[in-house]
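Model the following, please.
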Amino acid sequence: MASLAMIRSYLSRLFGLHAGSWIPPELMSSPATGKPARRRAPALLQTSFMQIDGRMVPVEIRHNPRARRIIVRVDLTMGSVQIVAPSRHSFSQALSFAKEQKAWIAERLSRVPPPVPFEPGARILYRGVEHLVCHAGLRRESGAPGPVWAVPPSEPEGLPEIRVTGDPDFVSRRIGDWLRAQAKEALTLRAIQYAEGFGVRPSRITVRDTSSRWGSCAPSRALSFSWRLILAPPHVLDYVAAHEAAHLREMNHGPRFWALVAQAMPDYKVARRWLERHGPSLHRYGVSVPTPDDLG
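Predicted coordinates:
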């Protein structure tokens, strides 16, 4: 059963951004400034569910006093619905309004790929290549580097595998921990390499789970990255590492900044296009969709 924290994490994916963050183009403000728009999430009033095309869709109703009317949004990353209401007392009205928009919501949700939990039999991306998740028993295999490891295909037409040992109930958590560790190792190595090439050094490197940015650089020179970059092809991870390392020299998205990125990765636009096209789908991996029972 999903925890309340998991449910809120699933339902609340749109949060503020700050200068130095790499963000999707659709979230950028005026290109004249090059600064990302700041967004403050309206206060959460209540979470609920709607039945659309035979499935229960998570719905969150938020209050924003600056809203002039009830607004319905569909998060194409997570496949959830957000309703923004101008009044705290308009919960039932807001939900009724959303139900009137079922056809539009259903059309938007049809574009969302289904979630892929970390469970045996699932096919997940790892370094841009599809891998099959396999539970390898309760005890670790002889010679295995740890409780989770990747192996090449056993047959010419087969898939590489991510093998997991231990209690089957802990497969999801163990895979998530392993992917985060792989991401931290790869991003730390690449970010430091690029930073040294720029004659700078980060004060700290962390890996988190964010939906609105792939990486960020704080004024303290601390770099932060999304662990989901380990799911993408290596050149995409390299691009984000180079991008944030360049912010250690240029905390903007001006010509000198892009010149640094091009210096490190002459073909960075290929990786950026990959993120724009495929990045949102990375958020479906490792997601367990909450159900009405989870709210009870």
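
Show me where the chain dips below the pLDDT cut-off.
1-45, 76-78, 88-90, 140-143, 288-296 (pLDDT under 70).

quick one: the helices in it?
4-11, 91-100, 102-109, 171-197, 234-247, 255-264, 268-278, 292-295 (DSSP state H).

Counting neighbours, what do you get for Thr188?
17 (other CB atoms under 10 Å). For the C-beta atoms, the positions are set from N, CA and C on the backbone; glycine is no exception.

right, I mislabeled it, should have said Ala195
Ala195: 24 neighbours (other CB under 10 Å).

same thing with Pro234?
14.

OK, contacts around the closest residue to it other than its chain neighbours?
Counting by CB to CB, 6 or more residues apart in numbering, Arg127 is the residue found nearest to Pro234 once chain neighbours are left out, at 5.8 Å. Neighbour list for Arg127: Ile230, Leu231, Ala232, Pro233, Pro234 [criterion: CB atoms under 8 Å, 6 or more residues apart in numbering].

Please tabulate these in a markdown table, including the columns distance to Gly54.
Output for the contacts of Arg127, formatted as a markdown table (distance: CB to CB, whole Å):
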| residue | distance to Gly54 |
| --- | --- |
| Ile230 | 34 |
| Leu231 | 29 |
| Ala232 | 32 |
| Pro233 | 35 |
| Pro234 | 39 |
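
Just give the closest residue to Ile175, not the sequence neighbours.
Nearest one to Ile175, counting by CB to CB, 6+ apart, is Phe118 at 4.1 Å.

Give me the residues contacting stretch 96-103.
Applying CB under 8 Å, 6+ apart, the contact partners of stretch 96-103 are Met50, Ile52, Val59, Ile70, Val72, Val81, Ile83, Ile105.

Report the two of these separated the most.
Ile52 and Ile70 (17.8 Å; CB to CB).

and of the contacts of stretch 96-103, the nearest to Ser216?
Of the contacts of stretch 96-103, the one sitting nearest to Ser216 (CB to CB) turns out to be Val81, at 27.4 Å.

and that closest one, how many neighbours?
Quick note: Val81 (other CB under 10 Å) scores 24 neighbours.

which residues touch it?
Here Val81 is in contact with Met50, Val57, Pro58, Val59, Glu60, Val72, Arg73, Val74, Asp75, Ala98, Ile105 (criterion: CB under 8 Å, 6+ apart).

Please narrow the residues you listed to those residing in strands.
Met50, Val57, Pro58, Val59, Glu60, Val72, Arg73, Val74, Asp75 (DSSP state E).

partners of the second one in the sheet?
With DSSP bridges applied, the residues forming beta bridges to Val57 are Met50.

Quick check: it touching Ser48?
No - using CB atoms under 8 Å, Val57 makes no contact with Ser48, being 9.7 Å away.

and the nearest residue to Ser220 once chain neighbours are set aside, what is it in contact with?
Nearest residue to Ser220, sequence neighbours excluded (CB to CB, 6+ apart): Ser203, at 5.8 Å. Going by CB under 8 Å, 6+ apart, Ser203 touches Ser220, Arg221, Ala222.

And Ser203, how far from His235?
As judged by CB to CB, to the nearest Å, Ser203 and His235 stand 26 Å apart.

Check Ile124 too.
19 Å.

Which one's more surrounded, these two?
Set Ile124 next to His235 and count neighbours by other CB under 10 Å: Ile124 wins out with 20 against 14.
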